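# requesting a structural model of the entry that follows:
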Amino acid sequence: MNVRPWALAMLVAFTLAGCAPTSVSNLTPRTVPVTSTRTYPFETTWDTSWRGMKYEDVKAWVVIDGTLYPMTRVPVAQNRWEALVPIPEGRTYIPYKYRFDYTTPGVRGRKPASEWSPEYRLVVPAK
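Reported below is the predicted structural model:
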């Protein structure tokens, strides 16, 4: 089969255009001061170029020690979420991730999918 270079380049471009790259931005500071309530804010954004994505279908969580804490969507931004999460006293180093559940368009309707962020770390200095 004799494929012309420009045809191969077009095929690659169309294939990549159909992919759905996503990006997670952690907006939570690395270090936060101790609060009297021991609840701390977590904030993130999740962007995708997936065609047909319905942001109202996206659900986000903060995952700490295997526990999922639901996040709420910030009203003024379609792709930003926040949550107040309780951290037990005495913990000064908290590894966490974000999880995003969403649906993607398919041939036979929408299908569920999930994505995890990389691991981040929150430091709460000891009193």
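# and the longest strand seen in the chain, what does it pack against?
If you go by DSSP state E, the chain has its longest strand at strand 93-106. For strand 93-106, the elements it packs on are strand 22-26, strand 39-48, strand 59-64, strand 109-116, strand 120-123, judged by 3 or more C-beta pairs under 8 Å, 6 or more residues apart in numbering; DSSP states H and E. In this view, the C-beta of every residue, glycine as well, is placed from N, C-alpha and C.
# looking at the ones you listed, which is buried most?
A comparison of the helices and strands packed on strand 93-106 by mean neighbour count, using mean count of other C-beta atoms under 10 Å, puts strand 59-64 on top with a mean of 20.
# now the element after that one, going C-ward?
Under the assignment DSSP states H and E, the closest C-terminal helix or strand after strand 59-64 is strand 67-70.
# what's that following strand in contact with?
Contact with strand 67-70 is made by 42, 59-63, 83, 85, 99, as judged by C-beta atoms under 8 Å, 6 or more residues apart in numbering.
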